[in-house]
Structure formats: C-alpha cells, structure tokens
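In: turn this into a model:
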Amino acid sequence: MQTVRKERIILKKLIKYSNKKQDTISFEALNIKDDFYPKELEKKRLVNIVGTGHEDDYGHFEHYNHLRLTEQGKHYFEKRFEINKELMLKSFWLPIGVAFVTSLLTNGVLYGIKLLLK
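Out: Presented below is the predicted three-dimensional model:
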C-alpha cells in the first residue's frame with residue numbers, strides 16, 4: 001500500500017497521540033487544513049474519520065473533523081519496514097551476490113584452464 005509523505009506525517013502524529021492514550025484527535029491538533037489526506041488514509045483503512053457535534057435523527061454528525069487510528073494504521077510503519085527490507089534483499093543484495101559468485105566462478109574456470117595449458 002503506497003502512501004505519500006503528508007499521509008505518513010499524519011500517521012506518525014496520530015501514533016504519537018495514541019501512545020499518549022488519546023484515541024480521537026482533531027484535524028486542528030494535527031495541523032490539517034485540507035481533508036484530502038485524511039480521506040485518502042480512510043480509504044486505505046489506516047484511520048477512521050469521526051464525527052463530532054450535534055447528531056441528527058439519521059445518525060449523521062454536524063462535523064467530521066476528528067481522526068481515530070485503526071489497528072492497521074498503528075502497525076503501518078512496521079509493515080512498511082518489512083516490505084522495504086524484503087525489497088532491498090531481492091532487488092539489491094541478491095543481484096550483487098549472484099554477480100560476485102558468477103565472477104568468482106568465471107575467473108576460477110579461466111585460471112584453471114590457463115594452469116592446464118601450461
């Protein structure tokens with residue numbers, strides 16, 4: 001799951017507040033001026049947008065300007081770290097290791113052939 005930098009900043013702030021036992025945090029406390037990023041985080045199921053104010057007969061609130069971190073959101077950075085670690089292993093270290101072993105084998109075979117021909 002991809003997130004942009006501003007979404008990750010919001011998540012980090014929410015995690016800090018949740019560690020202080022504050023479950024519901026307002027957009028103002030998180031310094032959020034636009035509701036685009038919270039809505040994107042909600043689509044990714046990392047946060048819930050919580051309503052405040054007067055509740056009408058249909059269960060709708062007057063304002064939806066608070067965030068609550070989900071379980072998936074709490075562990076997002078741990079999962080992201082594991083994915084990045086696996087990606088580095090497969091995309092970086094494994095090709096370097098294969099190239100190194102291939103070079104050793106090739107040079108070893110060439111050296112062996114030179115010794116046999118002498």
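
In: burial count for the closest residue to Lys44 other than its chain neighbours?
Out: Once flanking residues are discounted, Lys44 sits nearest to Met1: 5.7 Å by C-beta to C-beta, 6 or more residues apart in numbering. In this view, the C-beta of every residue, glycine as well, is placed from N, C-alpha and C. Neighbour count for Met1, taken as other C-beta atoms under 10 Å: 10.

In: so Met1 makes contact with Glu40?
Out: No: here Met1 does not reach Glu40: they are 10.9 Å apart, not a contact under C-beta atoms under 8 Å.

In: show me the shaky parts of the protein.
Out: Residues of the chain that meet the criterion pLDDT under 70 lie in 53-63.

In: where do the strands of it begin and end?
Out: Using DSSP state E, the strands found in the chain span residues 24-26, 47-55, 61-69.

In: dump the ones you listed into JSON lines; add distance to Met88 as well.
Out: Converted to JSON lines, the strands of the chain look like this (distance: least, C-beta to C-beta, whole Å):
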{"stretch": "strand 24-26", "distance to Met88": "33"}
{"stretch": "strand 47-55", "distance to Met88": "28"}
{"stretch": "strand 61-69", "distance to Met88": "28"}
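
In: quick one: those strands as JSON lines, columns for mean neighbour count too.
Out: Shown next, in JSON lines, are the strands of the chain (neighbours: other C-beta atoms under 10 Å):
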{"stretch": "strand 24-26", "mean neighbour count": "17"}
{"stretch": "strand 47-55", "mean neighbour count": "14"}
{"stretch": "strand 61-69", "mean neighbour count": "18"}
